[in-house]
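Student: Pasting the sequence and the predicted model now:
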Amino acid sequence: MPKKNAPVITKRSLETKGFYSDYSHHEPYYAALIRSPTSTGIVRNIFLEDIPEGYHLFTAKDIPGKKTFSVNDVEINIFGHDSVSFAGEPLGILVGPDEAIVQRLLEKVTINFDIETLESALKNAINQHHRPFVDVSEKIAKRLPRAKNTVETILSEINELPPLNTVLDTNHIEKSQKHIVASREIKTGVFAENTIDEAEKILFTDNEDCFISEETWTEKLTDLSWQETAGAFCYMENGCMNVFAPTKWPSLLINVLSACLDLPEESIFINKTNTSGIYSKGLWRTTQIAAQVAVAAFLVKKPVKLILTQKEQDLYMIPGVKTDITYKTAVRKDGKVKGMSVFIDVDVGALNPFSQEIIDRIAIASCNYYKFENVHILAQAHTSKNPPSSICIKSIDSQAFFAIENQIQKLSNQVHLLPEDIRKINTNAKDRFIIDIPSKTALETFFNTIQMSDFNRKYASFHMDAIDRLQKNSNPFFAVPLRGIGIATGYNVSEFYGSTTFSYDTKIEVTLLPKERVVIHAIRPSEVIQNIWRETVSEILQIKKENILIDSDFYIKDIPPSPEDSFSTIGTMNEIIKKCCNDIQKRRFHQPLPITSKKGLTGTAKKNWDKEAFSGIPFANMSFATCVVEVELDTYTYSEKIKGIWLTVDCGELFDEQAALRTIRLEIQQELSMLVEEKSIHCDKISVKFIQSKNKSGQVGALVHNTLPAAFSSALSLALATQLTKLPCTEAQIFNLIKERETSTQLSQLPHIPQILHQMDSMDLHGIDNLLLEHMPADISATEKNLETKE
């Protein structure tokens, strides 16, 4: 018999084109996921009675190949089976030619659960749905004659049933789902020399010379609702599976589809489409969805398209992880932080393959660039019955920056210092911290932004206003608009030397061809970065830019094994291209064409980070930014108005300032729609400044997200004269903060103003100005005098 022809090995294009929802092929079928109505239970059967012709229901048992895939040793189901992990877990997929009919049939799907988990299944089903998703009548009838055919009837008679412990097999009942899956502990100073309890007693209990405070900060990551939701489009043609999906990890997707469809990798073609939103996407959850759609397309032999609803997107595809960060601090009267205890609680949901990477990065960022003396950081990631989570590679640290910058602001209030002063005191170059983040560059952006925004004068003025309102016990509900100003600094990185998840050892191939042509073999980046690459090659090899091409076609074996966001940074990639071009230039006139050079990152810099001791220099190229936000709050409508945003950025060598400026402004507009729930705040006055530097180029993206929320929160806290600890905020939250504010508590948290405020009642404006200057901290007074001199 003749042998079956093997698939032709061809290159795959990894160029991103269009959106998956725009693609079609012949007459596509539409799909909807069948989700578990409960967070607990053992699934026995899923079926749909009287299913119309042309419509199909598939579950895990229909998958032709492997039913799971692994990422970082975490096993993930393509479709849930056996024990349910969380409410909404995909248990199957329903497909058919009419999208409306598919949605109607979805409501009629029946899921049989095992009797052993009846109690939790019934409880969750009734809480979340008003129809009998769970059909337990057969098994109930055998054991409990009183039971009827519907969940509602069972619940009405539940009190008449025998005790559950007499009819349930307790060996099958699921235990608590909260398990610690990753942790990181950092101890310095007295925490390293003593037990944690002894160190906390020394710093927080027996320490009468310090102000002690404790606060928990929470920033919930939200996505823009107008973006394309997750999904995929797949079809079989000529024995090959074609997939259109917004993936950033093609190698993982090819591997998973090959295993679950039992097809050779050469028969799978991935068409990368655009990802939407400001957070990193296209990782394991996109892979899971694409695999679900591919299974359906493979079985029905029709094109299949799945587009998640906005509700599904909001519930099951949330960005990042739920994180609460608690700081307990001891700060001396001079502003020096004597001790800090940090507890980071991360809820990763049912699973997250990147838990350790997330924990490590948040732990590092929890002290930002400050040099604290005695520190204990305990970061833990645990599972729960919430939906699974993923990682936001580009903004993994953002929640830590929100927490530490707000905590520093709170400390400056306690010790009656300007935000500028307390930062200078706690970033002394002589003080060493086991994690080395360069504070000099961070402070340069800080001081530039203070000067650009006139921060010190406004800060003193708004504090005086808040103190005055509190001392006079004026009713904020009938006051003039409340004003505040806040400041925050953060960073972004190109490479993490301590990564436990991703390999940053990417390689780029550059080839010099006859007729003065050059080909760069790499995943095609944005147009801006393409132009930067062409500028670099043109400058070194003296070749016209129009003769420089970018080739994004790869053989299967050459596709990068890591997600694109883990290595495709401006500074890193451009540095590698420079190495390739310099190597070609050396050989150019000594070897025949074509000449190819393939280079990657060197491992020399990684030696500066000790993974075992978790100390040293953790990052490669770093970018810093400082953001100032001035807000005004209308106390009648509770509407926030941003009067101005000032941002200073140091991202090293700047290849295209206008392109970087456009990126920053776009991210600011996106961020303004995520600070308050279901509302976008407007701001006309936005000032951005770049510090020219000879350092290696770093990332511009995510700098806004790592700084603006913390600055906004600090500004709003000042305006409210109380602490805002959670974002995004709501109008109801602001109303309650104003209503519950206690004058005695808040006065102790604000900078001290001498007890002469009553003198202002009999003064004119000039007298008030002189009085304010007389009692201001020295730095503010000097700033005011300088301003007067300039005027």
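Tutor: That came through, no problem. Residues are numbered from 1 along each chain as shown.

Student: Return the residues in contact with Leu203.
Tutor: Contacts were defined as Cβ atoms under 8 Å, 6 or more residues apart in numbering; by that measure Leu203 touches 190, 210, 330, 338-339, 341, 374. C-beta coordinates here come from the backbone N, C-alpha and C atoms, glycine included.

Student: Those in helices, which ones?
Tutor: Using DSSP state H, Val190 are the members of the contacts of Leu203 that sit in helices.

Student: and which of the contacts of Leu203 is nearest to Ala620?
Tutor: Minimum separation from Ala620 among the contacts of Leu203 (Cβ to Cβ) is found for Asn374, which lies at 29.0 Å.

Student: mind giving me TSV with the contacts of Leu203 and columns for pLDDT?
Tutor: Formatted as TSV, the entries for these read as follows, by pLDDT from 0 to 100:
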residue	pLDDT
Val190	96
Cys210	93
Ala330	97
Lys338	95
Gly339	95
Ser341	98
Asn374	95
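
Student: Which pLDDT does the model give His758?
Tutor: At His758 the predicted local confidence, pLDDT, stands at 39.

Student: Spatially, which residue comes closest to Trp284, not counting chain neighbours?
Tutor: Using Cβ to Cβ, 6 or more residues apart in numbering and skipping residues adjacent in sequence, the residue nearest Trp284 is Val71, 5.0 Å away.

Student: Check Phe86 too.
Tutor: Here the residue nearest Phe86, using Cβ to Cβ, 6+ apart, is Ala350, at 4.4 Å.

Student: next one: Gly239
Tutor: In space, Gly239 comes closest to Ser267 once its chain neighbours are excluded; the distance is 6.1 Å by Cβ to Cβ, 6+ apart.

Student: Likewise for Asp62?
Tutor: The spatial neighbour of Asp62 that comes closest, neighbours along the chain excluded (Cβ to Cβ, 6+ apart), is Leu299 at 6.3 Å.

Student: Same question for Phe69.
Tutor: Using Cβ to Cβ, 6+ apart and skipping the chain neighbours, the partner closest in space to Phe69 is Val256 (4.4 Å).

Student: Tell me if the one you found really is in a helix.
Tutor: Yes: when the secondary structure is assigned by DSSP: H, G, I helix; E, B strand; the rest coil, Val256 falls within a helix.

Student: what is Thr218 paired to in the beta sheet?
Tutor: On the basis of DSSP bridges, Thr218 is bridged to Asp324, Lys726.

Student: Quick one: residues contacting it.
Tutor: Contacts here follow Cβ under 8 Å, 6+ apart; on that basis Thr218 touches 323-325, 399, 725-727.

Student: let's go with 10 Å and repeat that
Tutor: Shown here is Thr218, whose contacts under the criterion Cβ atoms under 10 Å, 6 or more residues apart in numbering are 322-326, 345, 399, 402-403, 725-727.

Student: Excluding chain neighbours, what is closest to Ser225?
Tutor: In space, and not counting its chain neighbours, Ser225 is closest to Gln310: 6.3 Å by Cβ to Cβ, 6+ apart.

Student: cool, and Ser395?
Tutor: The shortest distance from Ser395 to any residue that is not its chain neighbour, by Cβ to Cβ, 6+ apart, is 4.4 Å, and that residue is Ala702.

Student: correct me, but the one you found touches Ser494?
Tutor: No: Ala702 is not in contact with Ser494 according to Cβ atoms under 10 Å; the separation is 11.6 Å.

Student: Point out where the stretch 151-300 of the chain drops to low pLDDT.
Tutor: Low-confidence segments of the stretch 151-300 of the chain, defined by pLDDT under 70, span residues 151-177, 277-278, 280.

Student: Quick one: the strands in it, in order.
Tutor: Counting by DSSP state E, counting those that start in this stretch, the stretch 151-300 of the chain has strands at residues 180-187, 210-219, 231-237, 240-245, 268-272.

Student: what lines up beside the fourth one in the sheet?
Tutor: So that's strand 240-245. If you go by DSSP bridges, strand 240-245 pairs up with strand 231-237 (antiparallel), strand 268-272 (parallel).

Student: could I get the ones you listed as CSV with distance to Ala522 and mean neighbour count?
Tutor: Written out in CSV, the entries for the strands paired with strand 240-245 read as follows (distance: least, Cβ to Cβ, whole Å; neighbours: other Cβ atoms under 10 Å):
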stretch, distance to Ala522, mean neighbour count
strand 231-237, 25, 24
strand 268-272, 14, 22
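
Student: Ok, which of those strands comes nearest Leu470?
Tutor: Taking Cβ to Cβ, strand 231-237 is the member of those nearest to Leu470, at 52.0 Å.

Student: How far away from the center of its chain is the closest one?
Tutor: Between the mean C-alpha location of strand 231-237 and the chain-wide mean there is a distance of 28 Å, by Cα atoms, centre = their mean, to the nearest Å.

Student: Stretch 627-647 too?
Tutor: Relative to the mean C-alpha coordinate of its chain, stretch 627-647 is positioned 24 Å out (Cα atoms, centre = their mean).

Student: The residue nearest to Phe69: how many residues sit nearby?
Tutor: Residue neighbour count, defined by other Cβ atoms under 10 Å, stands at 26 for Val256.

Student: All further residue positions should be reported with the first residue as 518.
Tutor: Will do, 518 is the new start, and the previous item becomes Val773.

Student: Just confirm it contacts Trp801, I think it does.
Tutor: Yes: applying Cβ under 10 Å as the test, Val773 and Trp801 come out as touching, 9.1 Å apart.

Student: between the two, what contacts are shared?
Tutor: Taking Cβ under 10 Å, 6+ apart as the criterion, Val773 and Trp801 both touch 586-588, 593, 766.

Student: hey, where'd the strands end up in the stretch 518-667 of the chain?
Tutor: For the stretch 518-667 of the chain, the strands defined by DSSP E, counting those that start in this stretch cover 529-530, 546-552, 560-564, 573-576, 585-588, 591-594, 607-613, 627-630.

Student: Give the buried residues for the fifth one.
Tutor: Right, the one you point to is strand 585-588. Of all the residues in strand 585-588, those buried under the rule 16 or more other Cβ atoms under 10 Å are 586, 588.

Student: chain center to that strand, what's the gap?
Tutor: Taking Cα atoms, centre = their mean, one finds the center of strand 585-588 at 22 Å from the center of the full chain.

Student: what residues does that strand touch?
Tutor: Contact partners of strand 585-588, identified using Cβ under 10 Å, 6+ apart, comprise 577, 592-596, 598, 766, 769-770, 772-774, 776-777, 800-801, 804-805, 808, 868-871, 907, 1018.

Student: from those residues, which would you call buried?
Tutor: In the contacts of strand 585-588, the ones that pass as buried (16+ other Cβ under 10 Å) are 577, 593-596, 598, 766, 769-770, 772-774, 776-777, 800-801, 804-805, 808, 868-871, 907, 1018.

Student: Residue ranges in the protein under the pLDDT threshold?
Tutor: Along the chain, the parts satisfying pLDDT under 70 run over 518-526, 632-694, 794-795, 797, 946, 989-996, 1020-1022, 1084-1086, 1119-1122, 1258-1308.

Student: How far away from the center of its chain is stretch 886-899?
Tutor: What separates the centre of stretch 886-899 from the centre of its chain is 20 Å, taken as Cα atoms, centre = their mean.

Student: Mind listing what's buried along that stretch?
Tutor: The neighbour-count check on stretch 886-899 (16+ other Cβ under 10 Å) flags 886-899 as buried.
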